[in-house]
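One predicted model, sequence on top.
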Amino acid sequence: MISEKMQNAINDQINAEFYSGYLYLAMSTFAESINYKGFASWFRKQSEEENTHAFKLLDYLQERGGRAILKALGEPPADFKSIEYSFEQTLSHEKTITARIHKLYELAVGEKDYATQSFLQWFINEQVEEEATAEEILDQIKMVESKPGSLFYIDRHIGKRQ
């Protein structure tokens with residue numbers, strides 16, 4: 001059985017993961033609106049991945065005898081100014097999610113909840129990948145910002161994400 005404190009913290013993380021999905025979907029619609037279909041596709045797949053993370057947490061909570069309580073999602077921004085700004089926001093957001101996962105892990109350690117510590121290792125590793133990917137794409141965008149048309153090359157390349 002999972003503690004009430006851990007249940008509440010995981011429920012908060014479920015909300016954060018669903019919000020992440022909503023945020024990336026907003027970025028996808030923004031990219032689509034400025035005709036960057038590859039970036040739009042990448043953000044949409046990222047949205048789906050974040051929703052999968054939320055369900056993974058939800059399923060875990062229920063497997064441990066806890067109850068998932070779904071909360072209202074905040075409204076994501078609608079305008080991201082540019083693709084570069086979108087990825088700056090992506091990197092910042094992923095760092096926030098990483099900090100949240102670390103706090104969850106610290107709570108599990110404090111409660112000697114070994115099952116949750118083990119479960120959260122996957123999320124810790126996933127966040128390393130999420131931050132690295134966002135930073136790599138942002139760096140590539142910055143490299144080509146003064147070269148007209150180069151962003152379209154990245155758009156085509158990134159749109160091939162499986």
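Structure received. Model, not experiment: these values are computed from the prediction.

in the chain, which ranges drop under the pLDDT threshold?
148, 161-162 (pLDDT under 70).

where do the strands sit along it?
With DSSP state E as the criterion, the chain has no strands.

Pull the distance from stretch 74-82 to the chain's centre.
Distance of stretch 74-82 from its chain centroid, counting by Cα atoms, centre = their mean, to the nearest Å, is 15 Å.

And for stretch 95-114?
Centroid separation for stretch 95-114 versus its chain: 16 Å, with Cα atoms, centre = their mean.

Can you list the buried residues in that stretch?
Of all the residues in stretch 95-114, those buried under the rule 16 or more other Cβ atoms under 10 Å are 97, 98, 100, 101, 104, 105, 107, 108, 113. The C-beta positions use only the backbone N, C-alpha and C, and glycine is treated the same way.

now, among the residues you listed, which is nearest to residue 50?
Residue 50 lies nearest to residue 97 out of the buried residues of stretch 95-114, by Cβ to Cβ, at 8.7 Å.

Now for residue 18, how many residues are close by?
With neighbours defined by other Cβ atoms under 10 Å, the count for residue 18 comes to 21.

Can you tell me the closest non-neighbouring residue to it?
residue 54 (4.6 Å; Cβ to Cβ, 6 or more residues apart in numbering).

what's the answer for residue 98, then?
Per Cβ to Cβ, 6+ apart, closest to residue 98 is residue 127, 4.2 Å.
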